[in-house]
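# Just need the structure, nothing else, for what follows:
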Amino acid sequence: MPIELMRTALRPLYRGSRSIHPGLMIQRGLEYFEADADRQNCEDNQGNRKKTLKQQHIEGICALPVNDIYRNAYQRWLAATADEMRFRSLIVAIDGRLLIGLNGGGALETGCAISHSYGVPFLPGSSIKGIVQHHVRGTVFGKEHRDVCDDLFGAGPSEADADQATDQGLAGLVSFHDAWWVPGSAPKPQVDRPFAQEVVTTHHPGYYQHEGRFAASDFDSPIPNAQVGVHGSFLITLEGDPAWTELTEQMLIATLAERGIGAKTRAGYGYANVDQNAFKRMEKTRAPLAQARRTRIEAQRKEREEAIDTLLERNLPPQQQVLKAASKAISILENGPDMGGKREAILSEINTLLQTAAAWPDAADRNAAADLVTETFDRIGWMDKAGKQKQKERREKKIAQLRNGEAQP
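Residues are numbered from 1 along each chain as shown. This is a model prediction of the structure:
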């Protein structure tokens, strides 16, 4: 007799939702629990095996597509990791199916590593780092270059060399971020459905349940066990120095191709290879996103600098504020478009500064004003028209008078 697992009032909410979280369906969505006897005797009147409640429930989970919220988050992640001097990305395609996070399913007796925020499968960064480290340290390279592995993956206090040992051990030089499922990467016709139903059949349940006390027999009844698998591709991102991330990428590619990731790799699950075509498409998508992000960051940087400059100017002495304002005004005029009268406007700023600075008692402030005027004339020219040498001499005389504290005529 099936055991009820959900309140009657909640069932319509689960059944009628079009945007339900797959993780919630795995953890809380199963309405009834079937006993072993119910599963084994699940046949119709013609003797054909019917789908168990668990199989029907998993079919519903596998029919759920990714939503636009996840697509937008994926695009933001692409833009955030576009800096090639900091990040290194690759897309790997799962060969067949992947089983990962099987122990997180509660009453469903199966599970999957699913993003808490978006309800889409992911590869935990800790899992990726763990399999790569385990694979590399077991190779000839890992045994001969233990120090390189310690630098790359980190090492505990007992593993670190004597001259490097600390209470905390060594942190790795490369960060392994969680891998994102690539939208639209599932095989046709699923395309946007990352989950796939898998069946793992236990042929000798008595042998396994009783830890070998009962011998396995050809007369045992196999019991199909429905599982939540994953198909498609994942975007894996490494963070660190480019030289280290390049080396780690090669290690990662070899690990996924030779060892796989997740559960039941000995049965062929979890192996993956680089998908170059998908990576090229991703790079085309990421380029404008990265440029937009750089533009936004640069605008924010300038805004912060202007705010800081404004605060600093408020605390400057009056003479320094005048110099700062004059320098900024001249710079804007010089670098702005020439709509006619640009030189006259700059000369007006210079004359105003000369008259104002002439009354300053501090020689250092007057010299600073004189330096600004001299540098400006050096850039724009001392004479309004060629051949007017006396005009240059008059302007040099005014600057000298300013330095000496003489009244301006």
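# Phe377: what secondary structure?
Recorded secondary structure, Phe377: helix (DSSP: H, G, I helix; E, B strand; the rest coil).
# ok now do it, which residues does it touch?
With C-beta atoms under 8 Å, 6 or more residues apart in numbering as the criterion, the residues that contact Phe377 are 350, 395. (Each C-beta comes from the backbone N, C-alpha and C, glycine too.)
# in the stretch 51-200 of the chain, which spans are strands?
Remark: strands of the stretch 51-200 of the chain, listed N- to C-terminal, are 87-94, 122-123, 154-155, 170-171, 175-176, 179-181, 195-202; assignment by DSSP state E, counting those that start in this stretch.
# Parallel or antiparallel, which strands does the third one pair with?
To tie it back to what came earlier, the one meant is strand 154-155. The partner list of strand 154-155 in its sheet, established with DSSP bridges, is strand 170-171 (antiparallel).
# Mind checking the pLDDT average for the helix or strand that contains Arg304?
For Arg304, the enclosing helix or strand under DSSP states H and E is helix 276-314. The pLDDT scores in helix 276-314 average 86.
# Renumber starting at 24 from here on
From this message on, residue numbering opens at 24, which makes the last subject helix 299-337.
# immediately after it, which helix or strand?
Following the chain from helix 299-337 toward its C-terminal end, the next helix or strand by DSSP H and E is helix 341-358.
# gap between Ala348 and Ser371?
Going from Ala348 to Ser371 by C-beta to C-beta, to the nearest Å gives 14 Å.
# Where does pLDDT dip in the stretch 124-273 of the chain?
Scanning the stretch 124-273 of the chain with the threshold set as pLDDT under 70 gives 127-130, 181-191, 225-226.
# what do you get if the cut-off is 50, keeping everything else the same?
Segments of the stretch 124-273 of the chain classed as low confidence (criterion: pLDDT under 50) are 183, 188.
# Could you tell me which residues make contact with Glu321?
Under the criterion of C-beta under 8 Å, 6+ apart, Glu321 has no contact partners.
# typed the wrong thing, it's Gln343
Residues touching Gln343, when contacts are defined by C-beta under 8 Å, 6+ apart, comprise Asp388.
# Could you measure from it over to Ala380?
Using C-beta to C-beta, which is the criterion applied here, Gln343 is 12 Å from Ala380.
# how is this protein carved up into domains?
For the chain, whose domains are defined here by automatic domain parsing, the residue ranges read 88-316, 339-427.
# out of the strands of the stretch 74-223 of the chain, nearest to Lys415?
Between Lys415 and the strands of the stretch 74-223 of the chain, the shortest separation by C-beta to C-beta is 56.1 Å, and it involves strand 110-117.
# quick one: that closest one to helix 299-337, angle?
150 degrees (axes from the mean of the first three to the mean of the last three C-alpha atoms, to 10 degrees).
# Taking strand 218-225 as reference, get the angle to strand 110-117.
Going by the same axes, to 10 degrees, strand 110-117 makes 60 degrees with strand 218-225.
# Now do the same contact list for Ile422.
Residues counted as contacts of Ile422 (C-beta under 8 Å, 6+ apart) are 377, 393, 396-397.
# what angle separates the helix holding Arg327 from helix 341-358?
For helix 299-337 against helix 341-358, the angle by the same axes, to 10 degrees is 140 degrees.
# Figure out how far helix 299-337 is from the centre of its chain.
Averaging C-alpha positions (C-alpha atoms, centre = their mean, to the nearest Å) puts helix 299-337 15 Å from its chain's average.
# in that helix, what's buried?
Neighbour counts over helix 299-337 (16 or more other C-beta atoms under 10 Å) mark 301-302, 305, 309, 312-313, 316 as buried.
# Then stretch 274-282?
By neighbour count, with 16+ other C-beta under 10 Å as the criterion, the buried positions of stretch 274-282 are 274-276, 278-279.
# can you check stretch 257-270 too?
Of the residues in stretch 257-270, those with enough neighbours to count as buried (16+ other C-beta under 10 Å) are 257-263, 267-268, 270.
# so how far is Thr260 from the nearest residue to Ile151 once chain neighbours are set aside?
Take Ile151 and drop its neighbours on the chain: the residue closest to it by C-beta to C-beta, 6 or more residues apart in numbering is Phe199, 4.8 Å away. As defined by C-beta to C-beta, Phe199 lies at a distance of 8 Å from Thr260.
# Pull the contacting residues for the residue positioned nearest the centre of the chain.
Relative to the mean C-alpha position of the chain, the nearest C-alpha, by C-alpha atoms, centre = their mean, is the one of Trp100, at 4.3 Å. Contact analysis of Trp100 by C-beta under 8 Å, 6+ apart lists 203, 258, 260.
# quick one: which of the buried residues of stretch 274-282 is nearest Gly83?
Distances from Gly83 to those, taken as C-beta to C-beta, are shortest for Leu279 (30.1 Å).
# how about the nearest residue to the closest one, chain neighbours excluded?
In space, Leu279 is closest to Ala295, 4.3 Å off (C-beta to C-beta, 6+ apart).
# give the contact list for the spatially closest residue to Asp106 that is not a sequence neighbour.
Sequence neighbours aside, Ala313 is the residue nearest to Asp106 in space, at 7.8 Å (criterion: C-beta to C-beta, 6+ apart). When contacts are counted by C-beta under 8 Å, 6+ apart, Ala313 is found next to 101-102, 105-106.
# OK, contacts around Thr399?
By C-beta under 8 Å, 6+ apart, the contact list for Thr399 reads 353, 369, 373.
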